[in-house]
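In: The following comprises the amino acid sequence and a computationally predicted model.
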Amino acid sequence: MIRAERTPGDRFPDTIPHLLEWRAARADPSASWLRFEDDTWTFPDVLAEVDRFAVGLADRGVVQGDTVAILLGNRPETLFAWFAANRLGAIAMPLDPAYKPHELGGVLRLASPRAFVVADDLRSAYIDEASEASPTTNVVSPVQLARSGSNAPRAPVYANDVAVLLATSGPSGAPKAVMQTHRTYTLTAEAFPWWLGLDASDRLLCALPLFHVNAQAYSTMGALGCGAELALLARFSSSRFWNDVRRHGATEVNALGAMVHALLASAPRPSDREHSLRTCYAALALSEEKHRAFEERFGVTMTVGYGLSETTFGTVWPRATPAPPYGTIGMLRQHPRLGVINRGRVVREDGTDAGAGETGELWLSSPAMMRGYLFDPDGTEAAFEGQWFRTGDLVRRDASGIFTFVSRKMDVLRRRGENVAACEIEIALLAHGTLLEAAVVGVPSSLGDDEVVAFVVPRPGASVDPEVLRAFVRERLAEHKVPARVHVRSALPRTASERIAKHLLSET
């Protein structure tokens, strides 16, 4: 295992606890760093909260290597619990508050957290499932942690230690957890501001959920990396977004495709350009027409990039290019201090490298890479070819090194910025008992992500109501997994090997 000692002097830190303290030592102690609604926290305030939360976690048995699950949503307490866990050498696992109880149970059974930090308003909905899934887990509220003492113990933390677990869906529908390291997050903290041209005068608006790698590694770590303020939104709302920008004086925001499309679809207003926002990092590639329309309407420069939970160093539009490479995901991301640390290949089905302009799977290799999938050595081994991570995404690379996203290779949909396994939704549909078969596919939506569409075949003699099926799935899965449309068919197309030919499914 690679280990690095405590960061000395002015060298950029390589662990999250060191980064937080390093940045606090260089900041104006009276200046706010974190903003939420009408409240602000200075770095001394944040360090004090983290200390109290760490004492509370330690009192409940959390030690180095343990996991702390966090179900609080986009609130400062999520950050306090995350940083407190890392201070103890433990692993933070922020979770999606939209989970249905049995979804949460699957994640908790996988991670077996020592502590489960849950908001009081969510506790009653999840406590039974949590107790059954992980009987040895200590369930605690942020209010209880905030009442703890001070001077929490400190564990030795190293760059290659796991800092966070990122819950996601695999192709089988079973929960998976990406083991992401302190090194990945601190490398990103130093690099993300450089990719976008940010500095301490900026104020980053975090509108994406804190269980998502984007909000964690790019917004939160990016703000720590350059000393910028972080303004945290409870949730994104297209109708309130620009008022939120103005209220917080934000200069930068990260967006997924659905956000950009929702803002563009809103009714134009005279105040569309009356705000402080100057740049937007977008995890999607728009057509030139839509990209320019967004920039011109709102007066914001948009930079496009590509990253994953497994590695934050994917691709990004280079700032030095004379003309924006519209429709592409940019070039390989590199590091402002360490130089070229990220390599990429475009690989054909036979394992050979594709030529310029030829489609193949994107493989990446860098120090900013996950340790693997939790308790899934087979899945981890399948994801790597030696030092190369196989992204499962098909791309093209031109002669200048610019990548264009083509499609996803795996049967995993991308919905509202989250991976959604088609299999998971199919299993939920079949549990209704009236269906012989179910197939779920993603189709392009007006919001830029996949739209979840289901095709079902009823059992002989059964009557199927699509809206009843949608309601049935909604009781079992998070809202972003509920099919937007359900189409009833007498049969589904098959391949020569009798598998469902999803590529032949059509809504027409």
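Out: Structure received.

In: From here on, just use CA atoms for contacts and neighbour counts.
Out: Noted.

In: which stretches of the chain have low pLDDT?
Out: Where the chain drops to pLDDT under 70, the residues are 1-9, 170-173, 495-499.

In: Report the residue ranges of every domain in it.
Out: 42-179, 331-410, 412-504 (automatic domain parsing).

In: so is Thr40 in a helix, a strand, or just coil?
Out: Assigned by DSSP: H, G, I helix; E, B strand; the rest coil, the conformation of Thr40 is strand.

In: mind listing what it touches?
Out: Going by Cα atoms under 8 Å, 6 or more residues apart in numbering, Thr40 touches Ser32, Trp33, Leu34.

In: quick one: the residue nearest to Leu332 when sequence neighbours are not counted from Arg23, how far?
Out: Of all residues not flanking Leu332 in the chain, Thr315 sits nearest, at 4.3 Å (Cα to Cα, 6 or more residues apart in numbering). Relative to Arg23, Thr315 is positioned 27 Å away (Cα to Cα, to the nearest Å).

In: higher neighbour count, those two?
Out: Set side by side, Thr315 and Arg23 show unequal neighbour counts under other Cα atoms under 10 Å, the larger going to Thr315 at 22 against 18.

In: and the residue minimising distance to the centre of the chain, what does it touch?
Out: Central residue of the chain (Cα atoms, centre = their mean): His212, 2.5 Å from the mean position. Neighbouring residues of His212 by Cα under 8 Å, 6+ apart: Leu166, Ser309.

In: what do you get for Asn214?
Out: Contacts for Asn214 (Cα under 8 Å, 6+ apart) come out as Leu208, Asn254.

In: what secondary structure does it sit in?
Out: What three-state DSSP gives for Asn214 is helix.

In: Would you check how far apart it and Trp388 are?
Out: Noted for Asn214: a distance of 22 Å to Trp388, by Cα to Cα.

In: what's the answer for Ala111, then?
Out: Taking Cα to Cα as the criterion, Ala111 is separated from Trp388 by 26 Å.

In: Likewise for Ser148?
Out: Applying Cα to Cα, the value for Ser148 to Trp388 is 44 Å.

In: Please apply the same query to Val346.
Out: 11 Å.

In: neighbour-wise, which of these two wins?
Out: Neighbour tally, Val346 and Trp388, criterion other Cα under 10 Å: the higher count belongs to Val346, 25 against 17.

In: residues contacting that one?
Out: Neighbour list for Val346: Asp353, Ala354, Thr359, Gly360, Glu361, Leu362, Trp363, Val395, Arg396, Arg397 [criterion: Cα under 8 Å, 6+ apart].

In: Sort out which of the residues you listed are buried, if you could.
Out: Applying 16 or more other Cα atoms under 10 Å to the contacts of Val346, the neighbour count classes Ala354, Thr359, Gly360, Glu361, Leu362, Trp363, Val395, Arg396, Arg397 as buried.

In: ok, so of the residues you listed, who is nearest Val63?
Out: The nearest member of the buried ones among the contacts of Val346 to Val63, counting by Cα to Cα, is Trp363 at 35.7 Å.

In: what does the helix or strand containing the closest one rub up against?
Out: Secondary structure assignment for Trp363, by DSSP states H and E: strand 360-365. Strand 360-365 is contacted from outside by 314, 342-349, 354, 387-396, 409, using Cα under 8 Å, 6+ apart.

In: out of those residues, which are buried?
Out: Buried by 16+ other Cα under 10 Å: 314, 342, 344-348, 354, 388-396, out of the contacts of strand 360-365.

In: among the residues you listed, which are in strands?
Out: 344-347, 388-396 (DSSP state E).

In: Relative to Ala431, which of those residues is nearest.
Out: Nearest to Ala431, judged by Cα to Cα, of these is Gly392 at 29.0 Å.

In: Could you list every helix and strand in contact with the helix or strand Val178 falls within?
Out: For Val178, the element it lies in under DSSP H and E is strand 175-181. Strand 175-181 sits against helix 101-111, strand 162-169, strand 372-373, with contacts defined as 3 or more Cα pairs under 8 Å, 6 or more residues apart in numbering; DSSP states H and E.

In: quick one, which of those is nearest to Pro13?
Out: For the helices and strands packed on strand 175-181, the distance to Pro13 is smallest for strand 162-169, at 14.0 Å, taking Cα to Cα.

In: Strands along the stretch 401-508 of the chain, start to end?
Out: Along the stretch 401-508 of the chain, counting by DSSP state E, counting those that start in this stretch, strands occupy 403-408, 412-415, 418-421, 435-444, 450-458, 485-488.

In: Restrict stretch 141-158 to CA atoms and write it as PDB.
Out: Provided in PDB are the C-alpha atoms of stretch 141-158 (Å, rounded to 0.1, in the frame of the first residue of the first chain):
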ATOM      1  CA  SER A 141     -28.700  12.400  14.900                       C
ATOM      2  CA  PRO A 142     -26.600  15.400  14.000                       C
ATOM      3  CA  VAL A 143     -28.100  17.200  17.000                       C
ATOM      4  CA  GLN A 144     -26.700  14.500  19.300                       C
ATOM      5  CA  LEU A 145     -23.300  14.800  17.700                       C
ATOM      6  CA  ALA A 146     -23.300  18.600  18.000                       C
ATOM      7  CA  ARG A 147     -23.700  18.300  21.700                       C
ATOM      8  CA  SER A 148     -20.500  16.300  22.100                       C
ATOM      9  CA  GLY A 149     -17.300  17.700  23.700                       C
ATOM     10  CA  SER A 150     -14.100  18.800  22.100                       C
ATOM     11  CA  ASN A 151     -10.600  17.600  21.500                       C
ATOM     12  CA  ALA A 152     -11.500  14.500  19.400                       C
ATOM     13  CA  PRO A 153      -8.800  11.900  18.900                       C
ATOM     14  CA  ARG A 154      -6.800  12.000  15.700                       C
ATOM     15  CA  ALA A 155      -5.900   8.900  13.700                       C
ATOM     16  CA  PRO A 156      -3.000   8.700  11.300                       C
ATOM     17  CA  VAL A 157      -4.500   9.200   7.800                       C
ATOM     18  CA  TYR A 158      -2.600   8.500   4.600                       C
END
